[in-house]
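*Asks:* Generate coordinates for the sequence data below:
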Amino acid sequence: MRKGNKLTCLNEITNIIGDPLFKKGDKYEILYVDNESVQVMVCLKHILYANKYNSFPLEWVNKNFANI
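*Replies:* Got it, this is the predicted structure:
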């Protein structure tokens, strides 16, 4: 996985209050990959709430997204 790659969402994913972050079948760009910490984290461009992108563990991204 690299910055700029695009992934297809495999599942509808919502935030803690039920608002959609990722829609099934839509494509999302990788903004950055943080591989300097113990757990590799991936930041994907997603629907924004409070003007902040979240990072997700690499394992979670591999489970919920597919490479194009």
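*Asks:* quick one, helices of this structure?
*Replies:* Remark: helices assigned in the chain by DSSP state H are 58-64.
*Asks:* Can you pull the poorly scored residue ranges out of it?
*Replies:* Nowhere does the chain drop to pLDDT under 70.
*Asks:* which residue packs closest to the residue nearest the centre of the chain, ignoring adjacent ones?
*Replies:* Against the mean C-alpha coordinate of the chain, by C-alpha atoms, centre = their mean, the closest residue is Leu44 at 3.8 Å. With sequence-adjacent residues excluded and distances taken as C-beta to C-beta, 6 or more residues apart in numbering, Leu44 is closest to Tyr28, at 4.7 Å. Any C-beta I mention is one placed from the backbone N, CA and C, and that applies to glycine too.
*Asks:* buried ones in stretch 4-20?
*Replies:* 7, 9, 13 (16 or more other C-beta atoms under 10 Å).
*Asks:* any chance of those residues in CSV, plus distance to Gln39?
*Replies:* What follows is those, written out as CSV (distance: C-beta to C-beta, whole Å):
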residue, distance to Gln39
Leu7, 19
Cys9, 21
Ile13, 19
